[in-house]
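Colleague: how would this look folded up:
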Amino acid sequence: MTEVREISAEQLTEIKENFEFFDRDSNNEIDLGEFTKLLRVLSPTATLEQAQKGFDIIDENNDGHIDFDEFLSWWEACWWEY
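Modeller: Got it, this is the predicted structure:
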């Protein structure tokens, strides 16, 4: 990932709200299906292949889910690249 940007407490709250919005089953993790929906909001022309590639990069511990810490790291560093 690239340069990490500083975030405020207000931004952290907003990021958490975004995470919770896309965590449709409220299990505190975003799975590939949920991430694909998130990516299509950010980039409507995103393909399933792009979603899988982005998901694999963000899922740093390779457990098949994006937890909030992984989501936050991605958001701080480079969400706009996807």
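Colleague: and residue 39, what is it in contact with?
Modeller: Going by CB atoms under 8 Å, 6 or more residues apart in numbering, residue 39 touches 46, 50-51, 54, 82. Every residue, glycine included, has its C-beta placed from N, CA and C.
Colleague: Run the chain-centre distance for the helix or strand where residue 19 lies.
Modeller: Assigned by DSSP states H and E, residue 19 belongs to helix 9-22. In terms of CA atoms, centre = their mean, to the nearest Å, the centre of helix 9-22 is set 11 Å apart from its chain centre.
Colleague: Looking at that helix now, give me its mean pLDDT.
Modeller: Taken as a whole, helix 9-22 has an average pLDDT of 94.
Colleague: Does anything pack onto whichever helix or strand comes after it? Which helices or strands?
Modeller: Next helix or strand after helix 9-22 toward the C-terminus (DSSP H and E): strand 29-30. Using 3 or more CB pairs under 8 Å, 6 or more residues apart in numbering; DSSP states H and E, the elements in contact with strand 29-30 are strand 66-67.
Colleague: Do me a favour and average the pLDDT over the strand it packs on.
Modeller: Computed over strand 66-67, the average pLDDT equals 98.
Colleague: What pairs with that strand, parallel or antiparallel?
Modeller: Applying DSSP bridges to the sheet, strand 66-67 is found paired with strand 29-30 (antiparallel).
Colleague: outside of the strand it pairs with, which residues touch it?
Modeller: 19, 22-23, 38, 65-67, 71.
Colleague: go on, stretch 46-55?
Modeller: 32, 35-36, 39-40, 43, 66, 82.
Colleague: Could you dump these into CSV and include secondary structure?
Modeller: What follows is the contacts of stretch 46-55, written out as CSV (DSSP: H, G, I helix; E, B strand; the rest coil):
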residue, secondary structure
32, helix
35, helix
36, helix
39, helix
40, helix
43, coil
66, strand
82, coil
